[in-house]
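**Q** Next comes the sequence, and after it the predicted model I'd like to discuss.
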Amino acid sequence: IAFLASIEIHVTALAAGFFLLINLQIATCDLLCEGKYAEFMQMKPKTGSTMVSYVWGCFQVGSLIAACFVGPVADHYNPQVIFWFMLPMSASIIVPTSLGYLHDKAVSEEKSGFDWELVKQYPYIVAFCLIMALIAAGNALLEVIFFEE
């Protein structure tokens with residue numbers, strides 16, 4: 001977000017790469033939060049659906065508020081203003097994760113790395129995921145090669 005906020009980007013592929021990194025951060029933060037509220041749901045199973053509804057309700061309200069502001073700001077000001085506004089929000093995940101507020105347990109040495117047993121246990125699911133990833137990468141490559149303007 002800092003690059004998109006501070007520099008003029010004239011190359012579309014560079015801007016797309018930065019947006020990819022932004023979405024990677026969003027996905028990582030989403031997974032961290034989902035893991036944490038999955039722990040809470042295991043502690044209190046009766047509140048599980050309520051917690052998921054609350055989380056998605058907050059997500060939808062936030063998306064609605066963002067949609068209401070992004071268009072007018074981008075139309076009337078430099079769109080980089082949006083990235084300057086989002087920079088502190090994007091950096092806010094650094095404090096709780098670096099101070100250990102998520103209370104994640106360290107993975108033992110013998111469990112670190114790639115788990116081949118899962119691949120052997122679920123070969124069709126792994127194959128399906130790999131095929132979908134290849135199709136998505138191929139689709140992006142075709143888009144860049146044949147439809148670049």
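**A** In hand now; what should we look at? Please read these numbers as outputs of a predicted model, since none were measured by experiment.
**Q** Report the rounded mean pLDDT for stretch 11-21.
**A** Mean pLDDT, stretch 11-21: 78.
**Q** actually stretch 103-114, not the one I typed
**A** 79.
**Q** Repeat that for stretch 51-70.
**A** pLDDT averaged over stretch 51-70 equals 89, rounded to a whole number.
**Q** quick one: the helices in the chain?
**A** 2-6, 12-43, 48-76, 80-91, 94-98, 116-121, 123-147 (DSSP state H).
**Q** Show me the one of these that comes nearest Glu110.
**A** Of all these, helix 116-121 sits nearest to Glu110, with 12.2 Å by C-beta to C-beta. C-beta: built from backbone N, CA, C; applies to glycine.
**Q** Please state the offset of that closest one from the chain centre?
**A** Distance of helix 116-121 from the chain centroid (C-alpha atoms, centre = their mean, to the nearest Å) equals 26 Å.
**Q** helices or strands up against that helix?
**A** Packing partners of helix 116-121 (3 or more C-beta pairs under 8 Å, 6 or more residues apart in numbering; DSSP states H and E): none among the helices and strands.
**Q** Perfect, that will be all.
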